[in-house]
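> Sharing a model that was predicted from the sequence below.
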Amino acid sequence: MKLATLYAYASRGLITSLPRDGEHARLYSSDDVERLRTRHAARSGHGPVAAAALRFGEPVLETRISDVGRDGPRYRGLLATDLCRAGVSFERVAELLWTGQLPEAPGAALELRGDRARIWSLLAGHAALPKMALILSALALADEDRHAASDAAELGRARALFHCLAEAPARRPRRVQAKARVAGTLLSALRVPPNSSLLESVDRALVLCAEHELNASTFAARVAASAGADLYACLGAAVNTLSGSAHGGMCDRVEALIASIGNRARAARTVNEWLARGQQVPGFGHPLYADGDPRAALLLELAAEHGARSDPARTAFALLEAMKRGGHPSPTLDAGLVTLCHCLELPAGSAASIFAVGRSAGWVAHALEQRASGSLLRPRARYVGVAADTFVMGARGPEE
C-alpha cells in the first residue's frame with residue numbers, strides 16, 4: 001500500500017490511526033489494513049467478493065452515466081475536468097448526463113405550480129439544504145402531474161427545479177428569466193451581484209459537482225426511483241442524504257475549520273493539533289483518489305486566478321499549504337469548493353449550496369436510469385445476531 005493511499009484511507013476513517021507516544025509517528029491498525037487488502041484482492045479477481053460491498057467500493061449496479069478513474073469522473077465518457085476547462089455550461093452538462101448527447105442549448109423548462117412566495121416565507125431563517133428538501137415537498141404537493149410523467153416532461157421539470165434549488169439561499173424567490181443561467185440564479189439568491197467572472201467560476205464549479213457515480217445521495221435517489229417515487233421525492237431523498245456531515249455537510253465542516261483557525265499564521269499549528277488528537281482534518285483525503293482529487297485541483301486553480309483578497313481565503317490557502325508541507329492527504333472537492341467560494345467572497349454556506357445544485361443534475365440522471373431498468377433496489381442483509389437456539393421460550397418470555 002502506497003503511503004499516500006494509507007493517509008487517504010486513514011483520513012476517511014477506514015484505517016484506525018493513533019499517535020505514538022513520544023515520537024513524531026503514528027500507528028495504523030493492521031486489521032484495517034488487512035481488510036482493505038482483501039477488498040482490493042477481490043476487485044482484481046484474486047480473492048472472494050468483499051462482504052462489505054455497500055460500505056465503500058464494490059460495484060452494486062451498472063450505469064451508463066459516469067465512471068470514476070484516477071483522472072476524476074467521466075460524464076458519459078467525457079472527463080468532467082475537460083468539460084470544465086472547455087467552458088461547457090452546467091445546463092449543457094446536465095443534458096449530457098440525462099440524454100447522452102451534448103446539445104448546443106438546453107431544452108425548455110416546465111412551468112411549475114405552487115405559491116413560491118408563500119413557500120419561501122415559511123422557510124425564512126433555515127439553512128439552504130433543509131430549505132431545498134422542504135421546497136421540493138411543497139412543490140410536489142402542487143404538481144398533480146408529477147406521477148408517471150414522460151421522460152420529456154421530467155426533463156422539463158428538472159430544468160425548472162434547478163432554479164428552485166438555486167433560489168434556496170434567498171430570502172424570497174425572484175422571477176427567473178427564460179434563458180437565465182443556474183449560476184446566475186444562485187448568485188442572486190446569495191445576494192451577490194453577478195458579473196461575467198463570477199458567473200463563469202460558479203458555473204464551472206457546478207460542472208465539477210454535477211456527478212460522481214454512486215455516492216450516498218445519488219444511491220438514495222436511485223432507491224427512491226426504484227420504488228416508483230416521483231422526481232420531487234427522488235431529489236428530496238438525495239438532498240436529505242446530502243445534508244449529512246460526511247457528505248454535502250463536509251463543506252460546512254471545512255468552512256467551520258477555517259473560521260476556527262482565524263488567521264493563516266495558526267494554520268500549521270491547527271493541523272498538528274487535529275492530527276495529535278487522532279482526528280482527520282475535514283476536506284482532505286478521498287478514498288477514490290490516492291494521488292489527489294482532480295476536481296479539487298481544478299477548483300484551486302480557479303481560486304488562485306481570483307486571488308486571496310480576504311482573511312478566510314488567505315487562511316484557506318495556508319491550511320492547504322500546511323497539509324501539503326506535512327505530507328498529509330490531498331484536498332477533496334469540498335476543500336477546493338470552500339477555498340474558491342472564499343476567493344470569490346461569497347457568503348458562508350455558499351459551497352454547500354453549489355454542491356447541492358450541481359449534484360442535482362446527476363440525481364436526475366440516475367433517477368431516470370433506475371426507472372428505465374424496471375428493478376427495485378432491495379439489498380439483502382446478513383444476520384449476525386444471536387442464534388435462534390440460544391433462547392428457550394418460557395411462559396414469561398425468552399430465557400437463556
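Happy to help now that I have it.

> going forward, measure contacts and count neighbours with C-alpha atoms only.
OK.

> quick one: the strands in the stretch 1-150 of the chain?
For the stretch 1-150 of the chain, the strands defined by DSSP state E, counting those that start in this stretch cover 17-19, 26-28, 66-69, 72-75, 78-79.

> So which of the ones you listed is the most surrounded?
Across the strands of the stretch 1-150 of the chain, averaging neighbours per residue (mean count of other C-alpha atoms under 10 Å) puts strand 72-75 on top, at a mean of 22.

> Would you pull up how far that strand lies from the middle of the chain?
Chain-centre distance of strand 72-75: 14 Å, with C-alpha atoms, centre = their mean, to the nearest Å.

> Can you name the residues in contact with stretch 243-255?
Defining contact as C-alpha atoms under 8 Å, 6 or more residues apart in numbering, one finds that stretch 243-255 is touched by 129-130, 216, 241-242, 282-283, 334-335, 337-338, 348-349, 351-352, 355-356.

> And stretch 234-251, what's buried?
234-243, 248-251 (16 or more other C-alpha atoms under 10 Å).

> OK, contacts around the closest residue in space to A290 that isn't next to it in sequence?
Among residues not flanking A290 along the chain, T5 sits closest, at 4.8 Å (C-alpha to C-alpha, 6 or more residues apart in numbering). Residues in contact with T5 (C-alpha under 8 Å, 6+ apart) are 287, 290-291.

> What about those residues, which one has the most neighbours?
P287 (22 neighbours; other C-alpha atoms under 10 Å).

> Measure how buried A297 is and give me the count.
For A297, the count of nearby residues is 18 (other C-alpha under 10 Å).

> Name the single longest helix found in this structure.
helix 350-373 (DSSP state H).

> Okay, buried residues for that helix please.
Using 16+ other C-alpha under 10 Å as the test for burial, helix 350-373 gives 350-371.

> What of stretch 253-268?
Buried residues in stretch 253-268 (16+ other C-alpha under 10 Å): 253-255, 257-258, 261, 263-264, 267-268.

> per-residue pLDDT, the closest residue to A365 other than its chain neighbours?
In this structure, A365 finds its nearest non-sequential neighbour in W98, 4.7 Å apart by C-alpha to C-alpha, 6+ apart. On the pLDDT scale, W98 is placed at 96.

> what residues are up against W98?
Per C-alpha under 8 Å, 6+ apart, neighbours of W98: 65, 361-362, 364-365, 368.

> now V182
By C-alpha under 8 Å, 6+ apart, the neighbours of V182 are 90-91, 162-163, 166, 203.

> Out of those residues, which sit inside helices?
Of these, the ones assigned to helices by DSSP H are 90-91, 162-163, 166, 203.
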